[in-house]
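J.: Give me the fold of what follows.
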Amino acid sequence: MEFLDSLLLESWTLWVVGLAAVVCRLIARRMKIGKWSLLAIEDYLMIFALLNFTGVVVCINEVAKNGSNYLPPDVAANLTPEGEAQAIWGSKMTFVLEIFTLTATWTVKACLLLMYGRLTEGTSTRQRWGVRIVAAYCAVTYVLVTLMFVFYWCNPTYEYWRVPVKIMQCATYYNHMIFATACNISSDLMLLLVPIPLMIKIRLPRKRKIGLCCVFGLGVFNILAAVLNRYYNFSNPNSYVFLYWYVAEVGVAMCVGNLPLCWPVIRLALGSKGDTSNPSYPNTSYPDSSGRRMPQSRHTLTSKASLWAKLDDEDGRTELSREQGSEIELVGQNIPDLVKQPYQTEAEITTGRLRHGHNSGDHIVVVTKVDITSK
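T.: Okay, the predicted model is just below:
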């Protein structure tokens, strides 16, 4: 009973921590983009990962309460009908637990990759292709690990919940654990390597760069949790101590996947007065006075916007919407509000009626005032 109570408390505590990380992420994103409807696909994927994490916590406690076919042969042979029914149910929960764990873990990887994809926009082709290669590797490994678990390592699939078990692989998950751990750790290592070029190229004070390295280096703890999960699983046969590390592995992954996006909320909680509402991405081009698009420097991360700013809002790139427009206003000597500086461009935020007299709602109008005064 002590084990059940301890696992129940720890698992749901980690779930609350994961929930808090997701909520903090969503609040930070809302602070940056202004509308819930503008959340990016990775934000919804993180909610999906939280649902899978919930499934992990529920299944873990069901397995601890009912047991499974992961039993010594002599104990499994002497089970009562009631005990056998509980073991079958626990074995089914173990099977579902593994699916939830794989899905939650790889969904967090997908969220990180989408974030890295946005951070590397405007950088070198090599960096962008590096993110794509890692994304392809993660997608292939998830499909391969899941399909082999369901259909290959224990065949037919219903042997996973047979009591007493005939094929020990169906109770120990030994081959699956080795293969899944290899794919999981290798993909985590690749995810750790992706931000390194970004860290090298950005120009930030040493303290802030160290902070960034710590944020992106949180994946080390995820790898450590995965290793400990397998260690306790293999070193303590017929024991359920590994359940602690199952929930710990997914809980750490949830924190690792959300903390980089929680920076605006953390900064606000620490009392910083920095701006948390304006997008911070530099555009890859900008208009000159003649309206042509002029390219920025190739190394956009080393220019005005830092990677910290990009972490604040990885969707900061903005485009003119249909409600935005432009006007050209000619001014001369006989006009009172003459603008002496030619080719001055300014953005006016107008509400309600424009000077032309029609109602167009809230939008941005770019007014270009051209001085046509003869000299």
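J.: Where does the prediction get shaky in this structure?
T.: Within the chain, the ranges that satisfy pLDDT under 70 run 1, 204, 238, 271-375.
J.: Would you mind giving the domain segments of it?
T.: As given by automatic domain parsing, the domain ranges for the chain are 2-269, 320-375.
J.: possible to save those domains as TSV with mean neighbour count?
T.: The C-beta positions use only the backbone N, C-alpha and C, and glycine is treated the same way. Converted to TSV, those look like this (neighbours: other C-beta atoms under 10 Å):
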stretch	mean neighbour count
domain 2-269	18
domain 320-375	11
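J.: what helix or strand is the spatially most central residue of the chain on?
T.: Nearest to the mean C-alpha position of the chain, by C-alpha atoms, centre = their mean, lies residue 111 at 3.0 Å. According to DSSP states H and E, residue 111 maps onto helix 81-119.
J.: Check which element follows that helix along the chain.
T.: With elements assigned by DSSP H and E, the helix or strand that comes after helix 81-119 is helix 125-147.
J.: so that next one versus helix 81-119, what angle?
T.: 170 degrees (axes from the mean of the first three to the mean of the last three C-alpha atoms, to 10 degrees).
J.: coming back round to it: for the helix holding residue 111, packing partners?
T.: With contacts taken as 3 or more C-beta pairs under 8 Å, 6 or more residues apart in numbering; DSSP states H and E, helix 81-119 sits against helix 41-66, helix 125-147, helix 174-193, helix 242-258, helix 307-312.
J.: Give me the distance between that helix and the centre of its chain.
T.: 17 Å (C-alpha atoms, centre = their mean, to the nearest Å).
J.: Measure how it sits relative to helix 174-193, angle-wise.
T.: Going by the same axes, to 10 degrees, helix 81-119 is angled at 20 degrees with respect to helix 174-193.
J.: between helix 81-119 and helix 242-258, what angle do the directions make?
T.: Using the same axes, to 10 degrees, the direction of helix 81-119 lies 20 degrees away from that of helix 242-258.
J.: and the angle for helix 81-119 with helix 41-66?
T.: Angle, helix 81-119 to helix 41-66, by the same axes, to 10 degrees: 160 degrees.
J.: out of the helices and strands packed on helix 81-119, nearest to residue 10?
T.: Minimum separation from residue 10 across the helices and strands packed on helix 81-119 (C-beta to C-beta) falls at helix 242-258, 6.5 Å.
J.: Distance from the chain centre to the helix or strand just after that closest one, please.
T.: Of the helices and strands lying after helix 242-258 in sequence (DSSP H and E), the nearest is helix 263-269. On the basis of C-alpha atoms, centre = their mean, helix 263-269 sits 17 Å off its chain's mean C-alpha point.
J.: what's near enough to touch the closest residue to residue 149 other than its chain neighbours?
T.: In space, and not counting its chain neighbours, residue 149 is closest to residue 176: 4.9 Å by C-beta to C-beta, 6 or more residues apart in numbering. The contact partners of residue 176, by C-beta atoms under 8 Å, 6 or more residues apart in numbering, come to 98, 145, 148-149, 153-154, 169.
J.: Make sure residue 184 is actually in contact with residue 226.
T.: Yes - contact status for residue 184 versus residue 226: in contact at 5.5 Å, counting by C-beta atoms under 8 Å.
J.: and residue 167, helix, strand or coil?
T.: coil (DSSP: H, G, I helix; E, B strand; the rest coil).
J.: residues touching it, list them.
T.: Residue 167 touches 154, 159, counting by C-beta under 8 Å, 6+ apart.
J.: cool, and residue 65?
T.: By C-beta under 8 Å, 6+ apart, the contact set of residue 65 is 4, 90.
J.: now it: how far from residue 243?
T.: According to C-beta to C-beta, to the nearest Å, residue 65 and residue 243 sit 11 Å apart.
J.: And for residue 153?
T.: Counting by C-beta to C-beta - residue 153 and residue 243 are separated by 20 Å.
J.: How about residue 227?
T.: Using C-beta to C-beta, residue 227 is found at 16 Å from residue 243.
J.: For residue 107, find the nearest of the helices and strands packed on helix 81-119.
T.: Nearest of the helices and strands packed on helix 81-119 (C-beta to C-beta): helix 41-66, 4.1 Å.
J.: After the closest one, which helix or strand is next?
T.: Using DSSP H and E, the next helix or strand after helix 41-66 towards the C-terminus is helix 73-77.
J.: about what we covered before: hmm, which two among the contacts of residue 176 are most spread apart?
T.: The two members of the contacts of residue 176 with the most space between them (C-beta to C-beta) are 145 and 169, at 15.4 Å.
J.: could the helices and strands packed on helix 81-119 be laid out in a markdown table, adding distance to residue 17?
T.: Output for the helices and strands packed on helix 81-119, formatted as a markdown table (distance: least, C-beta to C-beta, whole Å):
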| stretch | distance to residue 17 |
| --- | --- |
| helix 41-66 | 10 |
| helix 125-147 | 24 |
| helix 174-193 | 20 |
| helix 242-258 | 6 |
| helix 307-312 | 21 |
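J.: Residue 234 is nearest to which of those helices?
T.: Residue 234 sits nearest to helix 174-193 of all the helices and strands packed on helix 81-119, at 7.5 Å, using C-beta to C-beta.
J.: Following element in sequence after that closest one, please.
T.: Immediately after helix 174-193, counting by DSSP H and E, sits helix 196-201.
J.: In terms of secondary structure, what does the helix or strand just after that next one contact?
T.: Tracing the chain past helix 196-201, the next element assigned as helix or strand by DSSP H and E is helix 206-216. If contacts are counted by 3+ C-beta pairs under 8 Å, 6+ apart, helix 206-216 sits against helix 196-201, helix 307-312.
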